[in-house]
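# based on what follows, work out the 3D shape:
(chains A and B)
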Amino acid sequence: MKKYLMIAALALIAQYTRAQITIDRTKQPNPGPAPVLKINDPITYKLSNGITVLVVEDHRLPKVSASLLIDAGPVTEGSKAGVLSLMGNMLNEGTRTMPKAAFDDAVDRIGATVNLNSSGGSVSALTRYFKTAFGLMGQALKEPAFTQESFDKLKTQELTGLKSQEKSAKAIAARVDNALVYGKTHPDGEFETEESVQNLTLQDVKDAYAKYITPSRSYLTIIGDIKPLDAKQLATEVFGSWKGAALALPTLPEVQNPGKTEIDVVDVPNAVQSEISVINLVDLKKNNPDYFPVLLANYILGGGAESYLFMDLREKHGFTYGAYSSVGSGRFQSTFGASASVRTPKTDSAVREFLGQIDRIRTERVSDEALANAKALYDGSFALGLEDPARTATFASTILINNLPADFYKTYLQRINAVTAEDIMRVAQKYFNYDNTRIIVVGNASKMLDGLRSIGYPVKMYDKYANPVGQGGN
Amino acid sequence: MHFSKHVLCALSALAFTGFVARAQKVGFTEYDLPNGLHVILHDDHHAPVVAVSVMYHVGSKNEEAGRTGFAHFFEHLLFEGTDNIKRGQFFKIVSANGGQNNANTTQDRTFYYEVFPSNQLATGLWLESERMMHPVINEIGVKTQDEVVKEERRQSFDNRPYGNVINDIAAALFTKHPYHNGVIGEMKDIDAAKLDEFKAFFKQYYAPNNSVLTIAGDFDVAKTKELIAAYFGAVPRGAAVVYHKVEEPPITKEMVDTAYDANIQIPAILAAYRVPGRDSRDSKVMQMISSILSGGPSARMNKKMVDEKKDALQVFAFNYALEDYGMYIIGALPSGGAKPANLLSDMDEEIVKLQTDLISPEDYQKLQNQMEDNFVNANTRMLGIAESLSNGYTFYHKDTNHINEELTEIRSITREEIRDAAKKYLNTHQRLVLYYLPKAKASN
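Take a look at the predicted model:
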């Protein structure tokens, strides 16, 4: 008996000895060969009413999801600010044939999720219930109940929500940043107020619905445990005969950045931190050759925890828990912005550091290591993103919406990896403004205004709805 | 309109009876290294991604009195560096190789992970084995992380709307059990700790025999076993961790408390009850009760309070399930000027209904569908699967296969059990009522 045990024990040891491969733990192991990334294009159909249907077949899980995107582009609401969001919420309040309670019950009963909003909606369900759930989504979109009772309820909720944000420096900053950069009459600069929401009527909601909920310029993506032909048939059954207004993308007037850098301050006396944004408009279409260098330049400046801003404002100076930058792209003007919430007494010091780091990426050649790391991060994120079956559908719809070449995502990494240090400096100078930018600070002015004035740029005061209030206050 | 509703009910009833559960099985292999490290491998070659994770069976409930926040602080400390990884390089190595990483700490366990493109699997194993084998624990690291954790506390609790709700509830529901303290703890306890205490904590809880290494994704099982033996085999076994659960005396009298939060404008009303730990059948029953009360727009609290009475902006009911006990929490935010006390009586009415009447067969069937949908959605990413597998081994008596059994258990729970659990745990004399109210923010 004992002998057998010994043999067994030896066998065990032997197994582990044999398994032992040599490693050197003083060094990072070499990576294996780069994985081959497969991007399977979704199957695409076009319905006669204009809806583009994209299907990604994936049978790993017994579920199917779908989303509808109505591409109306930026919409100017004007005095009706808030109407689109309210209209979107109203689509979740029952249909002409099913009051809200019955509709909700029908969705929950099958364990599904259906959500509608002002630019479409989404549905997800177990495979065996998908057809039912998809039909319910279609019904909600095509035949909303639009009752006065629901409208009143949602309006009260919206007003309660607005009130809850009244004193939040973060919420005020989000509103004021866009209002100042785009202007308050621009669709990206306008915002809802208690007054604009108070004045909305059910008829306003109905009017917005008639204009913006339509098959025109719509993309329907269906992903999961379903055959493409079945998906097409279902899409045709539910949406094939749907009619609606024709949409055209708006043309927006070009907005200018300020001629010279200025500091715009909003006083929020209860704030314990200052919300700082250094922000300018950019015009960067995804098919612009600058697109890839700009992505990397932004990452190096402020995309992560190894980036210039984080290393300087948090790690070196401890002004903030995090400082980041971001840059938009697409068919319309968007923004580049660098921002952080900083301790009030360090507001002017933080502004100087922001400007210093923006100047650095514009004038100092990026190190080979920083550039290589940024590329590696994009390579990795791209691979990791493929875990999500919805990703390839997003690729396809982005290509269609932005009119990009069909191989845009297939050559994406190739083009990321072709970016040089010279490219980084060139695009930083072009897109990350220094001499003609806006520094927007929202916080307790009595504790930081003198400091900001000492920087040397003109200081302008605004109220929390972005209206000018005199020349620098005090 | 009534007609269509009935037709729909009949149709889904039909669909349900004809349905045979299509098992969506998560496959895995598991074994122990000679040093006691438990290894779980789940290979899936759909996308070129691999998740490497280690779950240490240590959390805030293992902390000694006067040393709250230790477990979470320690999680931060273990990113400082190792004998072979210089200080500050841990995150850098991960992102420079295209990966993502992080860690989190609960009352019961600490979970570290990397998600890499699959050709970087060895780097993930190297990083985690370095952390387990010989992390550098020194004064510089303690000082640095002390500042970072203070900022995290401000950001995640003190400056976050409703950020201290869970801590307030735990403090009231647990009088003897270390769940009383919450995870973030008091900074003064960290400040008071000596370096030797941190070293001792590592030795006591971060041994391979107190942890689970789970890898999920695109890798070769045989080769990976060799790599695991090479990287982790050399880590010495530690003394067995001895843990004694502290029994709480039953709550016999309703507690009513008020807390103030400078970050909110809308009050919240909450009721919290103590329930059994996550490995119990009743813990699952409570999860089902959450779905009945607030799982979806037709759930009882949503329908009544948000849609019919319109006095709530938002309602919620959930089981905060932990290893030794759970906290069952229900609550609401008022809409317009509604009074919190009125919302409480609305919620109480729903609980009494659950205690008195069996849920209808239709509601029961709805519940089953919702539970199945939740389950399918929970296991879509490699990292999520890795964590679920580790949870099974760590919290369900070494039953890694729990991931595949959970739905069957849920399906076996009856309507009577749901009523009985509501009767057993959700009584007014067993709870805390918490009025969580806005406080004027002092300017500084």
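# how about the residues of the stretch 251-400 of chain A by chain B?
Taking CB under 8 Å from any CB of the partner chain as the contact definition, the stretch 251-400 of chain A meets chain B at A:269-273, A:304-306, A:318, A:321, A:344, A:372-373, A:376-381, A:383-384, A:386-388. C-beta: built from backbone N, CA, C; applies to glycine.
# hmm, 6 Å instead?
Within reach of chain B by CB under 6 Å from any CB of the partner chain, the stretch 251-400 of chain A has these residues: A:269-270, A:272, A:305-306, A:321, A:373, A:376-377, A:379-380, A:383-384, A:386-387.
# what is the nearest of the residues you listed to chain B?
residue A:380 (1.9 Å; CB to the nearest CB).
# double-check that the closest one belongs to a strand.
No. Judged by DSSP: H, G, I helix; E, B strand; the rest coil, residue A:380 forms no part of a strand; its state is helix.
# skipping its backbone neighbours, what lies nearest it in space?
Leaving out its chain neighbours, the residue that sits closest to residue A:380 by CB to CB, 6 or more residues apart in numbering or on different chains is residue B:98, at 1.9 Å.
# what does residue B:63 give?
Nearest non-adjacent residue to residue B:63 (CB to CB, 6+ apart): residue B:70, at 4.7 Å.
# what about the one you found, how many neighbours?
Neighbourhood size, residue B:70 [other CB atoms under 10 Å in any protein chain shown]: 25.
# for it, give its distance to residue B:199.
Counting by CB to CB, to the nearest Å, the separation of residue B:70 from residue B:199 is 12 Å.
# and residue B:259, what does it touch?
Residues in contact with residue B:259, defined by CB atoms under 6 Å, 6 or more residues apart in numbering or on different chains, are B:168, B:436.
# how near is it to residue A:353?
In terms of CB to CB, residue B:259 sits 37 Å off from residue A:353.
# swap in residue B:194?
Distance from residue B:194 to residue A:353, by CB to CB: 36 Å.
# compare these two (neighbour count), which wins?
Remark: of residue B:194 and residue A:353, residue A:353 carries more neighbours, 23 against 9, as counted by other CB under 10 Å.
# I figured the more buried one was touching residue A:313, is that so?
Yes. Applying CB atoms under 6 Å, one finds residue A:353 in contact with residue A:313, separated by 5.4 Å.
# please name the nearest non-neighbouring residue to residue B:37.
Per CB to CB, 6+ apart, closest to residue B:37 is residue B:208, 3.6 Å.
# hmm, that neighbour is touching residue B:36, no?
Yes. Residue B:208 is within contact range of residue B:36, at 5.3 Å (criterion: CB under 6 Å).
# surely residue A:387 is in contact with residue B:45?
No. Contact between residue A:387 and residue B:45 fails when scored by CB under 6 Å: they sit 11.7 Å apart.
# tell me which of the two has more neighbours.
For residue A:387 versus residue B:45, neighbours defined as other CB under 10 Å are more numerous around residue A:387 (20 against 11).
# inside helices: which ones of the residues of the stretch 251-400 of chain A next to chain B?
Judged by DSSP state H, those include A:373, A:376-377, A:379-380, A:383-384 as members of helices.
# PyMOL command to pick out the buried ones of the residues you listed?
The following PyMOL line selects those of those that are buried, judged by 16 or more other CB atoms under 10 Å in any protein chain shown:
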select buried, chain A and resi 373+376+377+379+380+383+384
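# tell me where the stretch 101-250 of chain A has helices.
A:130-142, A:148-164, A:169-182, A:194-198, A:202-212, A:228-239 (DSSP state H, counting those that start in this stretch).
# rebuild these as TSV, extending it with mean neighbour count and distance to residue B:141.
Listed next are the helices of the stretch 101-250 of chain A as TSV, based on neighbours: other CB atoms under 10 Å in any protein chain shown; distance: least, CB to CB, whole Å:
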stretch	mean neighbour count	distance to residue B:141
helix A:130-142	22	51
helix A:148-164	17	40
helix A:169-182	21	32
helix A:194-198	15	50
helix A:202-212	17	55
helix A:228-239	18	54
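# what does the stretch 201-350 of chain B put close to chain A?
Proximity of the stretch 201-350 of chain B to chain A (CB under 6 Å from any CB) is limited to residues B:226, B:229-230, B:265-266, B:296-298, B:310, B:313, B:335-336.
# let's see that with 7 Å instead.
With CB under 7 Å from any CB of the partner chain as the criterion, the stretch 201-350 of chain B comes near chain A at residues B:225-226, B:229-231, B:233, B:265-266, B:296-298, B:303, B:307, B:310, B:313, B:335-336.
# any quick ChimeraX command for the buried ones out of these?
Provided next is the ChimeraX selection string for whichever of those are buried by 16+ other CB under 10 Å:
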select /B:225,226,229,230,231,233,265,266,296,297,298,303,307,310,313,335
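# okay, and which of the residues of the stretch 201-350 of chain B next to chain A map to strands?
residue B:313 (DSSP state E).
# report all helices and strands that the helix or strand where residue A:55 lies contacts.
If you go by DSSP states H and E, residue A:55 is part of strand A:52-57. Judged by 3 or more CB pairs under 7 Å, 6 or more residues apart in numbering or on different chains; DSSP states H and E, strand A:52-57 is in contact with strand A:43-46, strand A:218-224, helix A:228-239, helix A:390-402.
# how about those in a markdown table, adding distance to residue B:189 and mean pLDDT?
Shown next, in a markdown table, are these (distance: least, CB to CB, whole Å; pLDDT from 0 to 100):
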| stretch | distance to residue B:189 | mean pLDDT |
| --- | --- | --- |
| strand A:43-46 | 59 | 96 |
| strand A:218-224 | 48 | 96 |
| helix A:228-239 | 57 | 97 |
| helix A:390-402 | 44 | 91 |
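# which residue, other than its chain neighbours, is closest to residue B:245?
Distances taken as CB to CB, 6+ apart put residue B:324 closest to residue B:245, at 5.0 Å, once the chain neighbours are dropped.
# got phi/psi on the one you found?
Torsion angles at residue B:324 (phi, psi; degrees, to the nearest 10) stand at phi -90, psi -40.
# leaving out chain neighbours, which residue sits closest to residue 426?
You didn't say which chain, so I picked chain A. Residue A:426 sits nearest to residue A:293 (CB to CB, 6+ apart), 7.3 Å away.
# um, chain B though
Closest residue in space to residue B:426, ignoring its immediate chain neighbours: residue B:351 at 5.0 Å, by CB to CB, 6+ apart.
# quick check, the one you found in contact with residue B:427.
No. Between residue B:351 and residue B:427 there is no contact, the gap being 8.6 Å when judged by CB atoms under 7 Å.
# out of these two, which sits in the more crowded spot?
residue B:351 (24 against 15).
# which element follows the helix or strand hosting the more buried one toward the C-terminus?
Applying DSSP H and E as the criterion places residue B:351 in helix B:340-356. Going down the chain from helix B:340-356, the next helix or strand is helix B:361-378, by DSSP H and E.
# quick one: contacts of stretch A:239-252?
A:47, A:49, A:51, A:72-74, A:138, A:142, A:186, A:210-211, A:213-217, A:220, A:332 (CB atoms under 7 Å, 6 or more residues apart in numbering or on different chains).
# three-state assignment of the residue of chain B found nearest chain A?
Nearest to chain A, among the residues of chain B, is residue B:98, at 1.9 Å (CB to the nearest CB). What three-state DSSP gives for residue B:98 is coil.
# which residues are in contact with it?
Here residue B:98 is in contact with A:376-377, A:379-381, A:383, B:116-117, B:120 (CB under 7 Å, 6+ apart).
# looking at the helices and strands packed on strand A:52-57, which is nearest to residue A:125?
strand A:218-224 (9.3 Å; CB to CB).
# which helices and strands does that closest one pack with?
Against strand A:218-224 (3+ CB pairs under 7 Å, 6+ apart) you get strand A:52-57, strand A:63-70, helix A:228-239, helix A:390-402.
# direction included, what does it pair against?
Sheet pairing for strand A:218-224, assigned by DSSP bridges, gives strand A:52-57 (parallel), strand A:63-70 (antiparallel).
# only alpha carbons, please: show the shortest one as CSV.
Translated: strand A:52-57. Coordinates of each C-alpha in strand A:52-57 appear next as CSV, following Å, rounded to 0.1, in the frame of the first residue of the first chain:
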residue,chain,number,x,y,z
THR,A,52,-30.8,49.9,-43.9
VAL,A,53,-30.8,46.5,-42.1
LEU,A,54,-27.5,45.2,-40.8
VAL,A,55,-27.4,41.6,-39.4
VAL,A,56,-24.6,40.0,-37.4
GLU,A,57,-25.2,36.3,-36.8
